[in-house]
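Asks: Give me coordinates for this.
(chains A, B and C)
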Amino acid sequence: MRIGVFVCQCGTNIAATVDTEAVAEAAMSMRDVYHAESIQYSCSDPGQRQVIAAAHQHRLDRVVIAACSPRMHETTFQRAVIQAGINPFMLEMVNIREQCSWIHEDREVATTKAIDLVAAGVARVRGQVPLKRGRVPVVGEALVVGGGIAGIQAALDIADAGMPVTLVEREPTIGGNMARLDKTFPTLDCSSCILTPRMVELKHHENIRLMVSSEVTAVRGYIGNFEVDIRKKATCVDEEKCTGCRICEEKCPSRAPDEFNAGVGESKAISIAFPQAVPLVAALRKEHCRQFIKGKCGVCKKVCPADAVDYEQEDELHTEKFGAIIVATGYRLFDWEGAYPDYGGGLYPDVITSLQYERMLSASGPTGGHIVRPSDGREPRDIVFLSCVGSRAESVGRPFCCNVGCMYIAKQAIQTREHLPDSRCYVFYMDVRACGKGYEEVYRRAQVEAGAVYLRGRVGKIYPRGDKLVVMGTDTLIGDQVEIETDLVVLAVGFAAAEGAGELARRLNIAYDGYQFFTESHPKLRPVETTTGGIFLAGACQGPKDIPASVAQASAAAAKAIRLLSREDLETSPMVAEVNHMRCIGCFKCAEVCPYNAIEKQKLHDGRTVAVIIESLCQGCGLCNVACPPQVISLRGYTDNQLISEVVEVLR
Amino acid sequence: MADAGKGHACGVRRRGRDDEIKLVGFLCNWCSYAGADMAGTSRLAQPAALRIVRVPCSGRVDPLLVMKAFQEGADGVLVSGCHPGDCHYNEGNYYARRRLELLKRMLPYYGVEPERFHYTWVSASEGGRWAEVVAEFTAAVEPLGKLHYAGGAPAAAAGEEDGDG
Amino acid sequence: MSKYAYFPGCSLASSSMEYDTSFRLVAREFGIELQELDDWNCCGASPAPHHWVEVLGVLLAARNLHIAGAGEAPLVAPCAGCYNRLKHAQYKLERNQELRRQTSEVLGEEVRYQTEVLNIVKMLNREIKPGALAERARERLAGVRLAPYYGCLLVRPAEVIGYDDPRDPKKMEPLLRATGAEVPHFALKSECCGSYMGLARKEIVLRASHRIIEAAVAAGIDALVTACPLCQQNLDLRQGQINRAFGTSFRLPVLYFSQAIGLALGASPEELGIDSLAVEPDVDRWLKGAA
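Replies: Residues are numbered from 1 along each chain as shown, chains lettered A, B, ... in the order given. A predicted model of the protein is given here:
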């Protein structure tokens, strides 16, 4: 064993406080150190060449660089020692700048401490063994979970790059929430007109396989090699045969709630959510179907000209392999009714959500594009919009901004004036947040052209007076209470994570916040990555977002996935745990603490079952090393002996 | 490699005055080590008694390793990881918290004042906080003076002497 | 037999004697012993807590808590205002050592402030099972639409009071239903009546109380039921003023919670002081409707 120690002066950054010559001299007396010298700038090109030359000259097999933080230059010096023919893991960096010269003034104290730290580095590198990075092949297909605008965008981007994609959507059609919108801000272009061509494109893309009415039920594996269980739920309709003629829906005698239309209007037990659905295939909801509730009906089966209805259909289970996963499960509206008894808590039919209002604005919606009061079907004259219902509301535990409410209120106010020229809109707001491109202009239009009256304040109470509603609020600009008697109240309800988001996150082993929005790896620098390699985020599943932001994030996530899928294999860190199988007692305490499910059971020829580390899954945290009762698990690079020897040296 | 090894050990006693305390700090690579780096780049002066040992995660710190440090002459041991909820490995610091809290309560039974052991959380952006932690911990141990730990080595942590690579 | 220390407060001892009478009657009917607090004093009402010397807002209520603390029984304060003051004093003393020191100094001994304090709703809910009341009431008030009106002081601030939902209080409902009455949804059940503004700025009270009465009448409610003498006064005693101010002719009775329960028990309007309300309900018609 021949160790070389190089003490960097870092110009005067280190040398001003640490006597680097003295440190090098002290290092020469340490065990197995055959060379030690002080270098002016070790990270510079000449400095690195000096290290390489010395390594050759003194036949070094291990190198200690006492310089700055390893977080700064470890890879620099790893490359250097590789050039000297030394395994990169036989390099140890000792931090005598951030931990010594920069925080101490006394030269003697700093020098003594630097020597301690170098001694620890020498001890540690003595215990190091050459390690080799492993390689695992990458499965070249991506999975996109969720078929809203974010999922659609991500799937198309990846498919257009020539890679196969499977898109899994829980509902019978893709399109997500965007398909329910009439028009989109700031341009007020028709939502369907820009979305449905993308849906159709996706459906016919040669690289995309679409699985609707399907859910991800389990995820195993790791970056580049995920194994995913997908359950395709029985819809009692053969997707291949159904022509989308909707005769079944027309004839079906079982009424069912209309989720697509947010409860405005009614649907049937067998139905197609909307005319532009993709795939244009009916689906049957057993919980509302007479055939399944009462055991007799069979109308849809009888009338179907394509013989596509099959009551016996069963769920299908698929297991597929993917290299990358993009999660784009979107959002739903916050469940406001329980949280706002002051607004009637759902008791008053003419207090509706903005999504319900959106469905009424839509020409293909349940009211054919007519704005009417749900209670009596009359056209409203006065309409009050309430912003921030379930957003920016500490009192109901939803402190965050929904990002889109201000804008869609302005948009809906403009549309209201178009639909009902004699109407009058009032908007209660906290602040108007119109920060996007072209957004402020929409807000201005709502006020100036559509004549919406903006009142800065919250609403404390809504109650009925005759067939009207009284909205009691504050106008904080004039400093007085206001009371508006109105025909219709539209609540701009905030975002909540999609149903079951937390459960999905646990299956994927990705982090999520207190509201079940998924957490990105870094809020600024890694906005689409998760803490689990190979899984990326797109759209509102990560937090409230508008359409442009969702699409941008989806394309970013797609780019990350493409980068991953275009590689044949991946390098893995060798600093992982290993088990001494001879002494493993098979208790699997290690598997219990492992955050990555990287430990599996293996039966040996002698009949014992022992723990085995899946190196490609192990992230090297060392939890198992500590948890192992007979202490036969060892984290490479941070073994017990290495850490102990470091401790011994710094205390000598 | 049958290298006989260079003859002299690094067994030179480097300690300064006998009343000078020495502290060992186990810092997780992702948060606290980076926090200490930040304190350094911010040139925040700190007492010099602490020697930092880098570990991947506070969950890698075996309580026996802490005991070993006391046995080897540490007058205080500090462990610092990512804030709960922010662990790079998702949950490593939760294990650390449980194990180390238990250890802290056990210390008096080993004849070690619990003030000599401290565990805390410092993020990569908390350079200032790291400097405070070092100052406070040093100030907490200083009045206790040197530890003359009489306890035996916890069997498992004693390990073998370092094996040859 | 349950025993309570009873803090009537100034209202129940003067302008709202019918609340005191009816409360004592209900307690007697259910075998609850009320021991009036010895030498009690004003709770501080609305003026004291508005003084910038914080301890003044606490002292008066604290003295009552201190007296109650000498005994074992929990303290019941039917007046929502008194109840609110007592709870506030307790809340502040619990959290502020300096206030405790100052209060103890004035009292001349270490202040006892931890006695359990109950409002009438909480206490009657604890003592009377709806089933037991229903059995005795025998649907006596069937067909009568009684809506609870909680106001502010009984349930807010939630952090201090810690009883019932501050935005959607419901705790009067089980016992009111047990009387046989219909208990409709009333949107303004916790809306402010104008409170003590009646003296300084009467128009505020008239506007606020008018809104409540108007909404109740529009909802087809026969009578509001309250547990606060000030609310009762604003809604009942000032109803004539409201009618004059707004050109209306409302005649909406506003009963105390204990009066409603008393009626269900078969007590006469006179025994319950219902005859001394400004807007007297036609109790005979109510009882006939049920019969």
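Asks: Give me the residue at the spatial middle of chain B.
Replies: B:G25 (2.6 Å; Cα atoms, centre = their mean).
Asks: Put the alpha carbons of the strand or helix carrying that residue into CSV.
Replies: Assigned by DSSP states H and E, B:G25 belongs to strand B:23-28. Output of strand B:23-28 as CSV, limited to C-alpha atoms (Å, rounded to 0.1, in the frame of the first residue of the first chain):
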residue,chain,number,x,y,z
LEU,B,23,-15.0,17.0,19.6
VAL,B,24,-16.1,14.7,16.8
GLY,B,25,-18.9,15.6,14.4
PHE,B,26,-20.6,13.1,12.2
LEU,B,27,-22.2,15.1,9.4
CYS,B,28,-24.5,13.8,6.6
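Asks: and that strand with chain A, contact?
Replies: Yes: under the criterion of Cβ under 8 Å from any Cβ of the partner chain, chain A is reached by strand B:23-28 at B:V24. Where C-beta positions appear, they are placed from N, C-alpha and C, glycine not excepted.
Asks: That strand pairs with which strands?
Replies: Neighbouring strands of strand B:23-28 in its sheet, by DSSP bridges, are strand B:50-55 (parallel), strand B:76-81 (parallel).
Asks: How about residue 24: what's its closest non-neighbour residue?
Replies: Went with chain A since none was named. Using Cβ to Cβ, 6 or more residues apart in numbering or on different chains and skipping the chain neighbours, the partner closest in space to A:A24 is A:A36 (4.3 Å).
Asks: try chain C instead
Replies: The nearest residue in space to C:R24 (Cβ to Cβ, 6+ apart) is C:L34, at 6.4 Å.
Asks: Return the nearest residue of chain B with respect to chain A.
Replies: As assessed by Cβ to the nearest Cβ, chain A sits closest to B:G40 within chain B, at 2.7 Å.
Asks: hmm, back to that, is it possible to get CSV of the strands paired with strand B:23-28 that adds mean neighbour count and mean pLDDT?
Replies: Listed next are the strands paired with strand B:23-28 as CSV, based on neighbours: other Cβ atoms under 10 Å in any protein chain shown; pLDDT from 0 to 100:
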stretch, mean neighbour count, mean pLDDT
strand B:50-55, 24, 97
strand B:76-81, 29, 97
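Asks: sorry, back to before: check contacts around the residue nearest to C:R24.
Replies: C:4, C:6, C:23-24, C:27, C:76 (Cβ atoms under 8 Å, 6 or more residues apart in numbering or on different chains).
Asks: now swap in A:I152 and tell me
Replies: A:167, A:174-176, A:195, A:198-199, A:202, A:554.
Asks: just A:C68 next, same as before
Replies: A:8, A:10, A:43, A:93, A:95, A:97-98.
Asks: I'd like to know which of the residues you listed is nearest to chain B.
Replies: Distances from chain B to these, taken by Cβ to the nearest Cβ, are shortest for A:E98, at 2.7 Å.
Asks: Would you map the strands across the stretch 151-291 of chain C?
Replies: C:223-226, C:254-256 (DSSP state E, counting those that start in this stretch).
Asks: ranking the ones you listed by burial, who's on top?
Replies: When you average the neighbours per residue for each of those (mean count of other Cβ atoms under 10 Å in any protein chain shown), strand C:254-256 leads with a mean of 28.
Asks: which other helices and strands contact that strand?
Replies: In terms of contacts (3 or more Cβ pairs under 8 Å, 6 or more residues apart in numbering or on different chains; DSSP states H and E), strand C:254-256 is packed against helix C:17-29, strand C:223-226, helix C:229-232.
Asks: Next, format the ones you listed as a markdown table and append mean pLDDT.
Replies: As requested, the helices and strands packed on strand C:254-256 are exported to a markdown table (pLDDT from 0 to 100):
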| stretch | mean pLDDT |
| --- | --- |
| helix C:17-29 | 97 |
| strand C:223-226 | 98 |
| helix C:229-232 | 96 |
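Asks: can these go into a markdown table with extra columns for distance to A:I3?
Replies: Output for these, formatted as a markdown table (distance: least, Cβ to Cβ, whole Å):
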| stretch | distance to A:I3 |
| --- | --- |
| helix C:17-29 | 90 |
| strand C:223-226 | 87 |
| helix C:229-232 | 86 |
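Asks: got any ranges where the stretch 151-291 of chain C has weak pLDDT?
Replies: For the stretch 151-291 of chain C, the stretches with pLDDT under 70 are C:290-291.
Asks: Checking A:K113 next. Helix, strand or coil?
Replies: In terms of secondary structure, A:K113 is helix; the call rests on DSSP: H, G, I helix; E, B strand; the rest coil.
Asks: for C:A5, phi and psi?
Replies: phi -80, psi 140 (degrees, to the nearest 10).
Asks: Ok, B:A39 next?
Replies: phi -60, psi -40.
Asks: Around chain A, pick out the residues from chain C.
Replies: Residues of chain C lying near chain A (Cβ under 8 Å from any Cβ): C:165, C:167-168, C:185, C:187-188, C:191, C:214-215, C:218-219.
Asks: So which of those residues belong to helices?
Replies: The helices, defined by DSSP state H, take in C:214-215, C:218 from the residues of chain C next to chain A.
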